[in-house]
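Enquirer: Next come a sequence and a model predicted from it.
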Amino acid sequence: MALSGSLSTPNLAAASSIPLPPSPHEDAYTILRTLHCTPSSTLALAVQSHGSLSSSSHALFAIRTCRRPLSRASSAERACLELVSSARIKNPYVEKMRRTWEDGPALYMVLDFHEGGSLLGYIDAQGPVGIQKTERWACETASGITFLHELGIIHSALRPSVIHLRANGHVVIGGFQYSILRSTSSNECPEAMEAIASANDPDPREWQEAPEILLDWEIGFEVDVWSFGIVLGWMVCGRVRRSLLSCKNTV
C-alpha cells in the first residue's frame with residue numbers, strides 16, 4: 001500500500017498511544033519507519049524480520065495498526081479487504097490484505113507497499129499522463145472497480161491518491177476507508193463519511209463527490225462511475241483544483 005502524499009516522518013507524538021505490531025514467532029515484521037498517523041490508526045513501513053534488505057527476495061509491506069474501538073473507517077477497510085482477499089477469483093488491480101491479526105487493544109492489517117507511489121504523486125511530478133499510459137491505467141482502474149462492484153463493494157472515494165502504482169507499471173486501487181458494502185444501509189453513509197473526513201488528506205474527497213453524496217441521496221455503484229470519469233480527466237488534463245463543494249448549495 002502506498003501512502004498518498006509525502007513519505008516524510010510525521011509527528012510521532014500523535015501516534016504514541018497506538019501500539020506497533022507484536023512479533024509473531026515465525027512471521028515477525030520489523031518496523032522501518034512510520035509513514036502516516038491519525039488519531040485512530042498508524043501506517044508503518046515494514047519488512048519481515050527473517051528477510052534482508054539486501055536480499056533479492058526482499059519485499060516491503062505497509063502495516064496499518066488500528067486502535068480500538070475501531071473507527072468506522074478502520075471497520076470499513078477491514079471488511080472490504082477481507083472480502084476482496086477471500087474472493088475465489090482475484091483481480092490484480094485491487095489491493096489485497098496479506099495478513100491480519102488482533103492483539104489486545106489493536107487490529108493489524110498487512111498490505112503491500114507500492115514503491116511507485118500514487119497517481120496523485122505522478123501527476124503532481126509529471127503533469128498529465130501520456131495517451132498510452134492513460135489507456136492502460138484507465139482500463140486497469142475500470143477492471144478493478146468492476147471487480148469491486150461484483151463483490152457488492154461501493155468504493156465511494158476513488159481518487160488519484162488511492163490509485164497506487166506498482167513497480168511493474170500497473171495500477172492498484174486502495175483506500176477502502178470510505179467504502180460501503182451494498183448490504184449496509186445507505187442512510188448511514190453520509191454521516192459516517194463526514195465523521196471520518198481527515199484534514200491530513202493530501203487529496204480531499206470533495207472534488208470528486210458525486211451528486212448523490214453532495215445531495216445526501218441514496219448511494220449506489222454509480223458514484224464510482226462518476227469518480228472514475230473525474231480520475232480519467234486528471235490523467236488527461238492534470239490536477240483539477242475546482243471543488244464541487246462550491247456548487248453544493250446551488251445544485
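Expert: Received it, and whenever you're ready, just let me know what you need.

Enquirer: low pLDDT regions in the chain?
Expert: Within the chain, the ranges that satisfy pLDDT under 70 run 1-27, 50-58, 183-218, 241-251.

Enquirer: all helices for the stretch 101-250 of the chain, in order.
Expert: Here the stretch 101-250 of the chain has its helices, by DSSP state H, counting those that start in this stretch, at 119-126, 131-150, 189-196, 211-214, 222-237.

Enquirer: In TSV: those, plus mean neighbour count and distance to residue 98.
Expert: C-beta: built from backbone N, CA, C; applies to glycine. Shown next, in TSV, are the helices of the stretch 101-250 of the chain (neighbours: other CB atoms under 10 Å; distance: least, CB to CB, whole Å):
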stretch	mean neighbour count	distance to residue 98
helix 119-126	18	22
helix 131-150	17	18
helix 189-196	15	24
helix 211-214	18	31
helix 222-237	18	25
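
Enquirer: In CSV, list those along with distance to residue 165.
Expert: Converted to CSV, these look like this (distance: least, CB to CB, whole Å):
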stretch, distance to residue 165
helix 119-126, 6
helix 131-150, 9
helix 189-196, 25
helix 211-214, 26
helix 222-237, 12
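
Enquirer: Minimum distance to residue 38: which of the ones you listed has it?
Expert: With respect to residue 38, and counting by CB to CB, the nearest of the helices of the stretch 101-250 of the chain is helix 189-196 at 9.3 Å.

Enquirer: Outline the domain layout of this protein.
Expert: 12-112, 119-247 (automatic domain parsing).

Enquirer: so what's residue 30 up against?
Expert: Listed by CB atoms under 8 Å, 6 or more residues apart in numbering, the contact partners of residue 30 are 46-49.

Enquirer: one step back: quick one: closest of the helices of the stretch 101-250 of the chain to residue 110.
Expert: Short answer: helix 131-150, nearest of these by CB to CB, at 20.1 Å.

Enquirer: contacts for the closest one?
Expert: Against helix 131-150 from outside (CB under 8 Å, 6+ apart): 80, 84, 91, 93-94, 119, 129, 154-155, 158, 163, 170-173, 221, 224-225, 228, 231-232, 235-236.

Enquirer: Any chance you could give me that helix in PDB, C-alpha atoms only?
Expert: This file holds the C-alpha atoms of helix 131-150, laid out as PDB (Å, rounded to 0.1, in the frame of the first residue of the first chain):
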ATOM      1  CA  ILE A 131      -2.000   8.700 -24.000                       C
ATOM      2  CA  GLN A 132      -0.600   5.100 -23.800                       C
ATOM      3  CA  LYS A 133      -0.400   5.100 -20.000                       C
ATOM      4  CA  THR A 134      -3.800   6.700 -19.800                       C
ATOM      5  CA  GLU A 135      -5.400   4.000 -21.900                       C
ATOM      6  CA  ARG A 136      -3.700   1.200 -19.800                       C
ATOM      7  CA  TRP A 137      -4.300   2.700 -16.400                       C
ATOM      8  CA  ALA A 138      -7.900   3.600 -17.200                       C
ATOM      9  CA  CYS A 139      -8.600   0.100 -18.400                       C
ATOM     10  CA  GLU A 140      -7.000  -1.400 -15.200                       C
ATOM     11  CA  THR A 141      -8.900   1.000 -12.900                       C
ATOM     12  CA  ALA A 142     -12.100   0.200 -14.700                       C
ATOM     13  CA  SER A 143     -11.400  -3.500 -14.200                       C
ATOM     14  CA  GLY A 144     -10.700  -3.000 -10.500                       C
ATOM     15  CA  ILE A 145     -13.900  -1.000 -10.000                       C
ATOM     16  CA  THR A 146     -16.000  -3.600 -11.900                       C
ATOM     17  CA  PHE A 147     -14.500  -6.300  -9.700                       C
ATOM     18  CA  LEU A 148     -15.400  -4.500  -6.500                       C
ATOM     19  CA  HIS A 149     -19.000  -3.900  -7.700                       C
ATOM     20  CA  GLU A 150     -19.300  -7.600  -8.500                       C
END
